[in-house]
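Asker: sequence plus predicted model, see below.
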Amino acid sequence: MMRYRLAVFSRATAAILGGYALASAAAACLAIWLPLRRPDAVVTAQMLSFVFYACGVIWVFATRNAWRAWAGVLLPSALLGGLFAIGRAMGAA
Amino acid sequence: MKAKGEKAQGEEGLRQSMSWLHTWSGLIFGWVLFAMFLTGTLAFFRPEITSWMQPEIQTRPAPAAQSVAAAQRYLSEHASDATRWFITPPSDREPLIQLLYQSPKPKPGERGFVRVKLDPATGEAVTARQTRGGDFFYRFHFELETAFPWGRWLASIAGMFMLVAIISGVITHKKIFTDFFTFRPRKGGQRAWMDGHNALSVLGLPFHLMITFSGLVLFMAMLMPAGILAVYENPRQYSDDVFKAFKIAPARNEPAPLVPLAPLVAQAQEHWQGRVGRVTVNHPGDAGATVTLVRDAADGVSYGRLAPYMRFDGVTGALQEGEDELSATVRTAGVITGLHLGLFAEPLLRWLYFLVSLAGTGMVGTGLVLWIAKRRQKARPGAREAFSLRLVDALNAGTVAGLFISVAAFFWANRLLPADMPGRQLWETRAFFAVWGLSLVYAFLFQHRKWRDLLAAAAATLALVPVINALTTSRHLGVSLPAGDWVMAGFDLTCLAGALLLAWMARKAARAAKAPAKGRPAARPVAKPAVQQAVQSVAQSDMGPRQGAYEPRGDTP
């Protein structure tokens, strides 16, 4: 029972916090890289970030084990965050 | 159910895990979401509810330019030192001129906004009973009467759970279209609730998805600052860039008379061939004053939050800047938020909004009840019910049925409290919450009769709203119907229709409460031949809906 509860807790954390990290990273990355005027890029990025969030949550609960759940939100977050950092360093904004 | 995560594979495994996600993401904020859906549904009729709640105001809207001139007269007399004026001219739905101004020296802890309503006929402030009117439902819908910004965060988190619940619900659903046409109320128990839940959800699925997503989009600057901070130095720059109509220039601190506003309104109306929704004056009486006109939200779907605007110099009246066509992206965001607010909707569409949104309320309500129905089905017969079941069931009854009583109590308080009582709008709100609290207490105390009693109370209190209106005002159905006063009559008739619906539900609940006592023991030996069962179910079908409740069934809907 305890194991089960921990598993649920782990997935819920991955979904809520990991999902938010994924959404934030996606928003930042899109805001800086989308080839649009600055306000347009930001508005698009922010609206899409909720789609990323939802997809992240679905992934966390749909996948086979907790490792894949965590990796599935954290790796893309890191990737998108890295792309954002590159864009920022290049002064793309 | 999560342990299955290891072995669950393929499509069936996905469906099971999504079913789990749907169940729990829906339940956790279920009661908050029910309250948000119900108050949001009512908020589509915000000005109409306000009109009903101030029956002493009977006035007709005046043309915008004339109204703005009256507003300018009033404000330069009463609020010449304010830093900002907001003037909303009358519309078909809101016959009064609405003013809002920000006083330069607010009391500590206040933002210093003062609200006034003017009668367009006289240009004087109207004196009517103090009430929050439809604004109460509108505000509660996204702020939950909690301090800024916590209420908005809570509502948004609930909204995100809703979004997840909708998506996982759709994935769970094998036969989304077939199931829509399946309704088996006679099967009783979990099946009936399931079918009802499916029908209400699928019927309005595009609406539910739209309203949930757009609700998040409305608050995205608060919820998702990462996108803004990635490319802007601060959120202010972003809002100046996107919400240009709200941009504020600093004052020059030299006095200069304000230009007459009415000709500017006429100029904008001519230019847009449309209506002016709001006039904002920054630093009135200063040489740096600006006048910003925004097109009316009713003129276009996307104008709810992001409408075309024109900005004039506040001293010379020269056009400084403006935008008639917003960029495609901003217009898309405008459509998404505009669809949520529904300010563009004409009466017929507005009623559709109301009804589909009510279906959404029903979706949340039936979902909450389904949680109980499913677990009760699995429980050992005769065993004492688990605490979690009793807790959820009481919260369900106290909220799903109780909130309707609260809404009725809010309207009762509006009519029964003395019209000149100081702070009466606070007592209206207190009546709402006190009755909700009492309903919850009742639901916890009376396990077996809570649904029947609370639903009956909701039906009775709502049915009495038009009666109390007739006893306390001269604008009751006997007057409003012949006069074609559709705001007053529509409100009273909607209360009666709601009371009928609740009475029907109360009757169902009363039968369901009786049925287990007689029906369950008879139905318990399940292993009957199929034919016999079929015959029995035909025989039972005339006796009431709750009987054949016990049949083995799978987990997936």
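Answerer: Now that the structure is in, tell me what you want to look at. Numbers count the residues shown, from 1 in each chain, chains lettered A, B, ... in the order given.
Asker: now do the contacts for the residue nearest to B:His197 when sequence neighbours are not counted.
Answerer: Of all residues not flanking B:His197 in the chain, B:Thr366 sits nearest, at 4.1 Å (C-beta to C-beta, 6 or more residues apart in numbering or on different chains). The way it works is simple: take the backbone N, C-alpha and C, and place the C-beta from them, glycine included. Contacts for B:Thr366 were tallied using C-beta atoms under 8 Å, 6 or more residues apart in numbering or on different chains; they are B:Trp193, B:Gly196, B:His197, B:Leu200.
Asker: quick one: the first one and B:Arg376 touch, right?
Answerer: No. Using C-beta atoms under 8 Å, B:Trp193 and B:Arg376 do not qualify as a contacting pair, with a distance of 10.6 Å.
Asker: these two: which is more packed in?
Answerer: Neighbour tally, B:Trp193 and B:Arg376, criterion other C-beta atoms under 10 Å in any protein chain shown: the higher count belongs to B:Trp193, 21 against 17.
Asker: counting by contacts, list what the one helix or strand the more buried one maps to packs against.
Answerer: Assigned by DSSP states H and E, B:Trp193 belongs to helix B:189-203. Judged by 3 or more C-beta pairs under 8 Å, 6 or more residues apart in numbering or on different chains; DSSP states H and E, helix B:189-203 is in contact with helix B:176-180, helix B:347-378.
Asker: switch to 10 Å and redo it
Answerer: Helix B:189-203 sits against helix B:150-172, helix B:176-180, helix B:205-218, helix B:347-378, helix B:486-523, with contacts defined as 3 or more C-beta pairs under 10 Å, 6 or more residues apart in numbering or on different chains; DSSP states H and E.
Asker: including distance to B:Gly133, could those go into JSON lines?
Answerer: Listed next are these as JSON lines, based on distance: least, C-beta to C-beta, whole Å:
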{"stretch": "helix B:150-172", "distance to B:Gly133": "19"}
{"stretch": "helix B:176-180", "distance to B:Gly133": "37"}
{"stretch": "helix B:205-218", "distance to B:Gly133": "22"}
{"stretch": "helix B:347-378", "distance to B:Gly133": "17"}
{"stretch": "helix B:486-523", "distance to B:Gly133": "12"}
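Asker: same list (those) but as JSON lines, adding mean pLDDT and distance to B:Leu416.
Answerer: Compiled in JSON lines, these are given as follows (pLDDT from 0 to 100; distance: least, C-beta to C-beta, whole Å):
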{"stretch": "helix B:150-172", "mean pLDDT": "95", "distance to B:Leu416": "28"}
{"stretch": "helix B:176-180", "mean pLDDT": "64", "distance to B:Leu416": "44"}
{"stretch": "helix B:205-218", "mean pLDDT": "96", "distance to B:Leu416": "34"}
{"stretch": "helix B:347-378", "mean pLDDT": "94", "distance to B:Leu416": "26"}
{"stretch": "helix B:486-523", "mean pLDDT": "82", "distance to B:Leu416": "15"}
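Asker: of those, which is nearest B:Asp241?
Answerer: Taking C-beta to C-beta, helix B:205-218 is the member of the helices and strands packed on helix B:189-203 nearest to B:Asp241, at 16.8 Å.
Asker: now the closest one: buried residues?
Answerer: Judged by neighbour count using 16 or more other C-beta atoms under 10 Å in any protein chain shown, the buried positions of helix B:205-218 are B:Leu205, B:Phe207, B:His208, B:Ile211, B:Thr212, B:Phe213, B:Ser214, B:Gly215, B:Leu216, B:Val217, B:Leu218.
Asker: report the buried residues of stretch B:431-448.
Answerer: Buried residues in stretch B:431-448, defined by neighbour count with 16+ other C-beta under 10 Å: B:Ala431, B:Phe432, B:Val435, B:Trp436, B:Leu438, B:Ser439, B:Leu440, B:Tyr442, B:Ala443, B:Phe444.
Asker: show me what the helix or strand hosting the second one is packed against.
Answerer: Under the criterion DSSP H and E, the helix or strand holding B:Phe432 is helix B:424-445. Other elements packing on helix B:424-445 under the criterion 3+ C-beta pairs under 10 Å, 6+ apart are helix B:30-43, helix B:134-143, helix B:387-396, helix B:402-416, helix B:450-472.
Asker: of these, which is nearest chain A?
Answerer: Closest to chain A of the helices and strands packed on helix B:424-445 is helix B:387-396 (C-beta to the nearest C-beta; 14.1 Å).
Asker: returning to what we had before: dump the helices and strands packed on helix B:424-445 to a markdown table, plus mean neighbour count and distance to B:Pro89.
Answerer: A markdown table is the format used below for these (neighbours: other C-beta atoms under 10 Å in any protein chain shown; distance: least, C-beta to C-beta, whole Å):
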| stretch | mean neighbour count | distance to B:Pro89 |
| --- | --- | --- |
| helix B:30-43 | 23 | 21 |
| helix B:134-143 | 20 | 18 |
| helix B:387-396 | 16 | 44 |
| helix B:402-416 | 24 | 26 |
| helix B:450-472 | 21 | 29 |
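Asker: coming back round to it: among the buried residues of helix B:205-218, which two are most distant?
Answerer: Spanning the widest gap among the buried residues of helix B:205-218 are B:Leu205 and B:Leu218, at 20.3 Å by C-beta to C-beta.
Asker: okay if I get the helices and strands packed on helix B:424-445 as TSV plus mean pLDDT and distance to B:Ala497?
Answerer: As requested, the helices and strands packed on helix B:424-445 are exported to TSV (pLDDT from 0 to 100; distance: least, C-beta to C-beta, whole Å):
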stretch	mean pLDDT	distance to B:Ala497
helix B:30-43	98	13
helix B:134-143	96	18
helix B:387-396	94	23
helix B:402-416	98	12
helix B:450-472	97	9
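Asker: redo the ones you listed as TSV? Include distance to B:Ser17.
Answerer: As requested, those are exported to TSV (distance: least, C-beta to C-beta, whole Å):
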stretch	distance to B:Ser17
helix B:30-43	20
helix B:134-143	31
helix B:387-396	21
helix B:402-416	32
helix B:450-472	32
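Asker: B:Gly338 is nearest to which of the ones you listed?
Answerer: Checked against C-beta to C-beta, the stretch from the helices and strands packed on helix B:424-445 lying closest is helix B:30-43, at 14.9 Å.
Asker: run the chain-centre distance for the closest one.
Answerer: How far helix B:30-43 lies from its chain's middle: 5 Å, per C-alpha atoms, centre = their mean, to the nearest Å.
Asker: and that helix with helix B:424-445, angle?
Answerer: 140 degrees (axes from the mean of the first three to the mean of the last three C-alpha atoms, to 10 degrees).
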